[in-house]
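> Got a predicted structure plus its sequence, pasted below:
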Amino acid sequence: MIAQELPTVMVVDDEPEVLMAVTDALEDEFYVLTSTSPLKARAMLEGDDIAPLVIISDQRMPGMAGHEFLRWARELSDATRVLITGYTDIDALGAAVNAGQIFGYLPKPWTPDRLRRLIREAAEHCAVRRALAEERLLLSHLMNSVPDPIAFKDKNLRYLRSNVAHAKALGVDNPDDLIGRTDQEIGAEGAARREAADQAALEAGITVTDIQQDAPASAEAPSRRRWYSVVRSTFKDGEGATEGLVTIARDITAAKEAEQALSEAHATLERRVAERTEDLAATARDLLAARKAADMANEAKSRYLATVAHELRTPLTGVIGFSELLLRGGVSPGEWHRLLTLQAEAGRTLLGLLDDILDLSKIEAGRLTLENLPLDFRTLVDDCIALVRPSASGKGLAFNSAVTSALPAKIMGDPTRLRQVVLNLLTNAVKFTPAGSVSLTAEVLPPPAGLGGAPSRLRVCVADTGIGIPPERLSGLFEEFSQVDETTARRFGGTGLGLAICRRLVEHMDGRIGVESVPGQGSRFWFELPLAVSAEEAAALPPLTGAGPQAPSGRARGGRRILLVEDDRSTQILVSTILRGVGHEVDIVDNGAAAVQAVDTGTYDLVFMDMHMPVMGGLEATTRIRALQRTPDRPLPPLVVLTAGVTAEERERCRAVGLEIFLSKPVDLEKLLLTAATVGLPGGEGDAHD
Ligand code: ADP
């Protein structure tokens, strides 16, 4: 057996024989260190290579009493101390035992057995104490290495033990400073609340609570309110009686913050989902509305096309039907004339419808360009009245018109389009008035209140005492193909496009149009336009209104020499027949080059010039004719454009080469005759307009 593996026992006695005897008695179980001098023994203890479990000392030694040596040894070693003494030293022995300096004593004379028994007990005592101390150390390492505050309290709520984290949470550096004290005695923050919770746990056995409290700032975590989950659990003694409680507080701030962030994120997400759902619903609604609008637009387009087709078919039936009747032959001259008149009427209706549809589509396509010229509104009104007066008189209607004197002599506007609106309203008034009167008034209204700088307005009213319009039909009256009822067209004719065009024209002129009507009593149609005056410019210019519709064809001043430049055979026949019919002389050429030649060599009072022809078009021919050398006695004849192309651009191109007078195809016979009779003669020049 290796000596060092045995537990060490130190023996101090001044008598070597005693040392020998003790060694003999113990050496089987212990490694026995011996010394005859307390001083030497002390020096051995101070060296840290021995750690005896038991120190045995004789009481009676020269220089130092045994109990004094043992008191000394206590400071250097945790060994259990045993005194060997005689009965004479009984007083000192009692004092040593009472002071806790020795574990036991061995009275002399001792037997080896007794010695062995006592030393075994003492060694065991020391080993147990050492193990206990080690356990305590391990426990305190364990507690202090845990970041959670941990504390033990007895049932009176006094601290038994706490770890560093707990002490720090109470603002105390050393956990040992808490031991034996209550929270209230320490003056810790929240002491009363904590003790109440402790008391509740003592009664309940175990509790778990989440609390929030200010934590002192540390290097790792700045001061802020922190969350703790506190577990309190009681511990019991051997009989099962509650002895105290242990508290473990876990910092759950991160978890709480994460939980809060999560619930905020959740709420945000829910809100976003709700918003997105609403967005999607709105988009779906928009899409539905857009689709509905598109469907409605399509439907409206189809309806419009169906109506157009229907409207075209009616007059076409007349044109075709009468032609077939005539072609079949066997018609008397009187009947012949009647059928031709009806056919011409159907043709005119067709043309009117076509013009209206083109007008509308031009406006719809945004291609309507309004002119802005000085015009005499009074003359314009007179011209329109002159046009409708014959049919009004035919029905015995009275006709009144009053244009305020406040209206300047010349105003700015588009004469053609203004006339179109006035004429439409007048024609309707006459058409839908079986008896009574039709009146037109034009007045100047002051600028609307509150609109600084806005112009005065021209208000035109056309009132009649006719059939009137039911209130429920008033709102759609300015829509396309709106006729109050289906019999209207049959009874009165018309396309149902006139008012729709009027509304668009007036709105294009920045104006507005409206109607008031009482069924059976009459209607009052009105429109208002911003009034622009251009006095000087207007004064210098010839009147632009008045296509001379009231000028009778009989105003022709004898036969004239006319050159007709036209490639279309039927137009050649139609125009020449009509002109020759009233005494004019007509030469025909079918292209521009032939026209230049004819004018150069012949003498003409007037030229009707087509635009689109083979070899040379009308524009080039006109330019060349104007370049011809003429003498005062043989001046250049005036040129009148005769064309099916009547767009604004086309007219512009004509004007650029000096062509100012237009007749459009299909040819209006009245206008053709008037133009042939007057253009180029004093007082008649420039009057032909469509
Ligand atoms: P139409 O060519 O059919 O007259 P409009 O657009 O000019 O087309 O008029 C549309 C409809 O409005 C007419 O068919 C008629 O039913 C009604 N209307 C227009 N003016 C009058 C009026 N002065 N009195 C009664 N009804 C009118």
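Sure thing, it's come through. Numbering: from 1, shown residues only.

> where in the stretch 101-250 of the chain is pLDDT low?
214-224 (pLDDT under 70).

> And the residue sitting nearest the centre point of the chain, how close does it get to residue 288?
Residue closest to the average C-alpha location in the chain (CA atoms, centre = their mean): residue 279, at 8.2 Å. From residue 279 across to residue 288, the span is 15 Å (CB to CB, to the nearest Å). All C-beta atoms are positioned from the backbone trio N, CA, C, and that covers glycine.

> still on that earlier bit, does the residue nearest to the centre of the chain sit in a helix, a strand or a coil?
helix (DSSP: H, G, I helix; E, B strand; the rest coil).

> List the buried residues for stretch 647-656?
650-651, 654 (16 or more other CB atoms under 10 Å).

> Distance check, residue 399 against the ligand.
14 Å (CB to the nearest ligand atom, to the nearest Å).

> Confirm that residue sits in a strand?
Yes: counting by three-state DSSP, residue 399 is located in a strand.

> What residues are bridge-paired with it?
Here residue 399 sits in beta bridges with residue 438, going by DSSP bridges.

> Sticking with the nearest residue to residue 161 once chain neighbours are set aside, tell me its helix or strand.
Leaving aside its chain neighbours, residue 161 sits nearest to residue 152 (4.6 Å; criterion: CB to CB, 6 or more residues apart in numbering). Secondary structure from DSSP states H and E places residue 152 in strand 150-154.

> all strands of the stretch 51-200 of the chain, in order?
54-58, 80-85, 104-107, 150-154, 159-162 (DSSP state E, counting those that start in this stretch).

> between the first one and strand 80-85, how many degrees?
Taking axes from the mean of the first three to the mean of the last three CA atoms, to 10 degrees, one finds that strand 54-58 is oriented at 20 degrees with respect to strand 80-85.

> let's number from 366 now, not from 1
Sure thing, new numbering starts at 366, so read that last one as strand 419-423.

> Return the distance of strand 419-423 from the chain's centre.
Once both centres are worked out by CA atoms, centre = their mean, to the nearest Å, strand 419-423 turns out to sit 97 Å from its chain's centre.

> which outside residues touch it?
Outside strand 419-423, the residues that touch it by CB atoms under 8 Å, 6 or more residues apart in numbering are 372, 374-380, 383, 387, 395, 403, 406, 410, 431-432, 434-435, 438, 442, 444-450, 471, 484, 487-488, 491.

> go again using 7 Å as the cut-off
374-379, 383, 387, 431, 434-435, 438, 442, 444-449, 484, 487-488, 491 (CB atoms under 7 Å, 6 or more residues apart in numbering).

> Going by proximity to the ligand, name the top residue of the stretch 916-1055 of the chain.
Using CB to the nearest ligand atom, residue 1033 is the residue of the stretch 916-1055 of the chain that sits closest to the ligand, at 18.9 Å.

> which residues sit in contact with that residue?
Residue 1033 neighbours (CB under 7 Å, 6+ apart): none.

> Tell me the buried residues in stretch 772-790?
Within stretch 772-790, judged by 16+ other CB under 10 Å, the buried ones are 772-773, 775-790.

> Please disregard the earlier target; I meant stretch 973-983.
973-976, 978, 981, 983.

> can you map out the helices along the stretch 416-565 of the chain?
Secondary structure of the stretch 416-565 of the chain (DSSP state H, counting those that start in this stretch): helices at 431-441, 455-463, 477-510, 529-534, 548-551, 556-569.

> Show me what the longest one is packed up against.
Using 3 or more CB pairs under 7 Å, 6 or more residues apart in numbering; DSSP states H and E as the contact definition, the elements that helix 477-510 packs against are helix 381-391, strand 419-423, strand 445-450, strand 469-472.

> Would you mind finding the most buried of those?
Of all the helices and strands packed on helix 477-510, strand 419-423 has the most neighbours on average by mean count of other CB atoms under 10 Å, namely a mean of 28.

> Mind checking the pLDDT average for it?
For strand 419-423, the mean pLDDT works out to 93.

> so what strands line up beside that strand?
Strand 419-423 pairs in its sheet with strand 373-377 (parallel), strand 445-450 (parallel), by DSSP bridges.

> Flag the shaky bits of the stretch 716-865 of the chain, pLDDT-wise.
814-818, 846-860.

> now swap in the stretch 916-1055 of the chain and tell me
Using pLDDT under 70, the flagged stretches of the stretch 916-1055 of the chain are 916-923, 935, 1010-1011, 1047-1055.

> what about residue 869, distance to the ligand?
Residue 869 is 11 Å from the ligand, by CB to the nearest ligand atom.

> so who does that residue touch?
residue 728.

> Tell me the secondary structure at it.
helix.

> Among the buried residues of stretch 973-983, give me the pair with the biggest separation.
Spatial extent of the buried residues of stretch 973-983 (CB to CB) is set by the pair 973 and 981 at 15.8 Å.

> what's the burial count for the closest residue to residue 1031 other than its chain neighbours?
Nearest residue to residue 1031 in three dimensions, chain neighbours excluded: residue 716, at 5.9 Å (CB to CB, 6+ apart). Residue 716 has 15 neighbouring residues, counting by other CB atoms under 10 Å.

> ok, residue 716 touching residue 1030?
No: with contact defined as CB atoms under 7 Å, residue 716 does not reach residue 1030; the gap is 9.7 Å.

> Over to residue 606: give its phi and psi.
phi -90, psi 140 (degrees, to the nearest 10).

> what's the spacing between it and residue 567?
11 Å.

> Need the residues touching each of these two.
Common neighbours of residue 606 and residue 567 (CB under 7 Å, 6+ apart) do not exist.

> Which of those two has more residues huddled nearby?
Neighbours per residue (other CB under 10 Å) separate residue 606 from residue 567, with residue 567 holding more: 18 against 8.

> Pretty sure the more buried one sits against residue 610.
Yes: Residue 567 is in contact with residue 610 according to CB under 7 Å; the separation is 5.9 Å.

> residues bridging contact with the two, i.e. touching both?
Common neighbours of residue 567 and residue 610 (CB under 7 Å, 6+ apart) are residue 599.

> Correct me if wrong, but residue 696 is in a strand.
No: using three-state DSSP, the assignment for residue 696 is coil, not a strand.

> Enumerate the residues of the stretch 866-1015 of the chain near the ligand.
Contacts of the stretch 866-1015 of the chain with the ligand, taken as CB under 6 Å from any ligand atom, map to residue 888.

> What residue in the stretch 866-1015 of the chain comes nearest to the ligand?
residue 888 (4.1 Å).

> Just give me the neighbour total for residue 794.
26.

> Cross-check the contact I'm expecting between it and residue 827.
Yes: assessed by CB under 7 Å, residue 794 is found in contact with residue 827 at 5.2 Å.

> Tell me which helix or strand residue 654 sits in.
helix 618-693.

> Quick check: next helix or strand after that helix?
helix 698-729.

> The very next helix or strand once past that following helix packs against which elements?
Going down the chain from helix 698-729, the next helix or strand is strand 738-740, by DSSP H and E. If you count contacts as 3+ CB pairs under 7 Å, 6+ apart, strand 738-740 packs onto strand 776-778.

> which element follows the strand it packs on toward the C-terminus?
helix 780-796.

> For that next one, list the C-alpha coordinates in CSV.
Written as CSV, here are the backbone C-alpha positions of helix 780-796 (Å, rounded to 0.1, in the frame of the first residue of the first chain):
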residue,chain,number,x,y,z
PRO,A,780,-71.2,81.8,-89.6
THR,A,781,-71.9,78.4,-91.2
ARG,A,782,-72.2,76.6,-87.9
LEU,A,783,-74.2,79.4,-86.2
ARG,A,784,-76.6,79.4,-89.1
GLN,A,785,-76.9,75.6,-88.9
VAL,A,786,-78.0,75.8,-85.2
VAL,A,787,-80.5,78.7,-85.7
LEU,A,788,-81.9,77.1,-88.8
ASN,A,789,-82.4,73.8,-87.1
LEU,A,790,-84.3,75.3,-84.2
LEU,A,791,-86.4,77.4,-86.5
THR,A,792,-87.2,74.5,-88.8
ASN,A,793,-88.2,72.3,-85.8
ALA,A,794,-90.4,75.1,-84.4
VAL,A,795,-92.2,75.4,-87.7
LYS,A,796,-92.3,71.7,-88.2
